[in-house]
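>>> fold the following.
(chains A and B)
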Number of protein chains: 2
Amino acid sequence: MKKSIITISRQFGSGGRTIGKKLANKLDVPYYDRELIEKVAAKTGFSEEFVEQKGEHSTGSNFFSYSFLARDFNGGSVEDYLWLEQRKVILELAEKGPCVIVGRCADYILRERRDCLNVFVHASEKLRAERIVNLYGETADNPKKRLRDKDKKRAINYEYYTDQKWGASENYSLCVDSGIIGIDACVDLIIYTAGICEN
Amino acid sequence: MKKSIITISRQFGSGGRTIGKKLANKLDVPYYDRELIEKVAAKTGFSEEFVEQKGEHSTGSNFFSYSFLARDFNGGSVEDYLWLEQRKVILELAEKGPCVIVGRCADYILRERRDCLNVFVHASEKLRAERIVNLYGETADNPKKRLRDKDKKRAINYEYYTDQKWGASENYSLCVDSGIIGIDACVDLIIYTAGICEN
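Predicted structure coming up:
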């Protein structure tokens, strides 16, 4: 069946967010990234900065650090609460109709929906390092370390809440190398794929 | 740039080989699988059955068992010799022109070629189990165990010779879920991708 909801997971610096924006633009559907953060912030009372950071990144430097997060009297951490609220917002947004959602484990949260295409965007470390220095004005000091740190935190957060391996091809219907395929070609490729899925 | 050589790596039962054959047929280019085995067998003196088995599967049940393989006086095992000869044949075949090559670490062996598109095909375990029972007449006894065993051996072989993780999205330009996208749609999608790559 044709897929009308597209989730984009991405390595830092791979251009996944740009692809998501261009995709939504070309398909003329809502693009949820900032809006999602605002909604979660409004619901939870956390600041947008807090939601932006904690909603997708682990606090600690490894998987086990999650076990030592401060707990409230229900045994849940602030991160767990944020995860539950963020999950609700993503489910509600998907109910509204066709859209593009970037990050935040949306692929996992929407896994029961048959109208959802889960995409993972990656690129070589070399290309991504160049990209974050050129586009985001990251310091050219040690961009590769910055990439690894950021993706490690995303991976830990993803694996903690989904029990799946972040970036493992089997978790996504489509994985693309934005360095080889190209940003704009990836957009066209995703639209093409969403239109031809048989199941 | 347009990609004219397509390598297909695949989970057992995902339909990757069928996709490769259909792809070669539609593109009207050679499909190397059986022919590759025959060439390697002729070059090495091993039987085709031996090449078929050992050229893609580990002997042992884990990565370390490779360390205990019988060695000849040059310190190489029979498997290492087969790997080197198979590698030569794959490099030669790619030199001949456009083609589709299935399995045998061709993605890694041809990684320096810019005209090469590396594809990984996967599908849910449920679908793959049904497929091997229906199509290959595998016993319906414990098809999931059979899938895991076969893929584990492929993964060990791949990781031993390439130092890369088999099935990790970052090793392939394109990864597709043949269960969701569909076999024929995957063929079209790969052709589409090969034609639009920007780099």
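
>>> average pLDDT across stretch A:34-52?
For stretch A:34-52, mean pLDDT rounds to 85.

>>> quick check: end-to-end length of it?
9 Å (CA to CA, to the nearest Å).

>>> which positions in chain A make contact with chain B?
A:11, A:117, A:120, A:122, A:167-170, A:172-177, A:179-182, A:184-185, A:188-189, A:192-193, A:196-199 (CB under 8 Å from any CB of the partner chain). Backbone N, C-alpha and C define where each C-beta goes, glycine included.

>>> is it possible to mark the buried ones in the residues you listed?
A:11, A:117, A:120, A:122, A:167-170, A:172-177, A:179-182, A:184-185, A:188-189, A:193, A:196-197 (16 or more other CB atoms under 10 Å in any protein chain shown).

>>> these in strands, which ones?
A:117, A:120, A:122, A:174-177 (DSSP state E).

>>> just the strands in chain A please.
Counting by DSSP E, the strands of chain A are A:5-10, A:31-32, A:99-102, A:116-122, A:174-177.

>>> nearest to B:Leu110, out of the ones you listed?
strand A:174-177 (14.9 Å; CB to CB).

>>> direction included, what does the closest one pair up with?
Strand A:174-177 sits in its sheet next to strand A:116-122 (parallel), strand B:174-177 (antiparallel), going by DSSP bridges.

>>> dump these to JSON lines, plus mean pLDDT.
Shown next, in JSON lines, are the strands paired with strand A:174-177 (pLDDT from 0 to 100):
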{"stretch": "strand A:116-122", "mean pLDDT": "97"}
{"stretch": "strand B:174-177", "mean pLDDT": "98"}
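
>>> now the ones you listed as CSV including distance to B:Ala41?
Output for the strands paired with strand A:174-177, formatted as CSV (distance: least, CB to CB, whole Å):
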stretch, distance to B:Ala41
strand A:116-122, 37
strand B:174-177, 31
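
>>> give me every residue that touches the residue most central in space within chain A.
Nearest to the geometric centre of chain A sits A:Gly103, at 1.2 Å (CA atoms, centre = their mean). Contacts of A:Gly103 were listed using CB atoms under 8 Å, 6 or more residues apart in numbering or on different chains, and they are A:8-10, A:16-17, A:33, A:56, A:154.

>>> repeat that for 10 Å
Applying CB atoms under 10 Å, 6 or more residues apart in numbering or on different chains to A:Gly103 gives the contacts A:7-10, A:16-17, A:20, A:32-33, A:36, A:55-57, A:154, A:157-158.

>>> tell me where the model's unsure across chain A.
A:58-75, A:138-140 (pLDDT under 70).

>>> ranges for the helices of it?
A:16-27, A:34-44, A:48-54, A:78-96, A:106-109, A:125-135, A:143-162, A:178-181, A:183-196 (DSSP state H).

>>> ok, and which of those helices has the densest surroundings?
helix A:178-181 (a mean of 26; mean count of other CB atoms under 10 Å in any protein chain shown).

>>> and A:Ala129, how close does it get to B:Ser169?
A:Ala129 sits 19 Å away from B:Ser169, going by CB to CB, to the nearest Å.

>>> sorry, that was for A:Leu93
Taken as CB to CB, the span from A:Leu93 to B:Ser169 is 25 Å.

>>> same thing with A:Tyr81?
31 Å.

>>> may I see the ones in strands among the buried ones among the residues of chain A next to chain B arranged in CSV, with distance to A:Glu49 as well?
Compiled in CSV, these are given as follows (distance: CB to CB, whole Å):
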residue, distance to A:Glu49
A:Leu117, 30
A:Phe120, 26
A:His122, 27
A:Leu174, 32
A:Cys175, 30
A:Val176, 30
A:Asp177, 32
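
>>> OK, contacts around A:Val119?
A:3, A:6-10, A:16, A:19-20, A:23, A:100, A:102, A:107, A:172-176, A:186, A:189-190, A:193-194.

>>> before we move on, what about A:Ile37?
So A:Ile37 contacts A:46-53, A:55-56, A:86, A:89, A:104 (CB under 10 Å, 6+ apart).

>>> B:Leu135: which of these is nearest?
Once CB to CB is applied, the member of these that ends up nearest B:Leu135 is A:Arg104, at 38.3 Å.

>>> surely that closest one meets A:Arg87?
Yes. If you go by CB atoms under 10 Å, A:Arg104 and A:Arg87 touch, sitting 8.8 Å apart.

>>> give me the phi and psi for A:Asp28.
Main-chain dihedrals, A:Asp28, degrees, to the nearest 10: phi 60, psi 50.

>>> how many neighbouring residues does it have?
The local packing of A:Asp28 (other CB atoms under 10 Å in any protein chain shown) involves 7 other residues.

>>> how about A:Gly76?
The burial count for A:Gly76: 14, using other CB under 10 Å.
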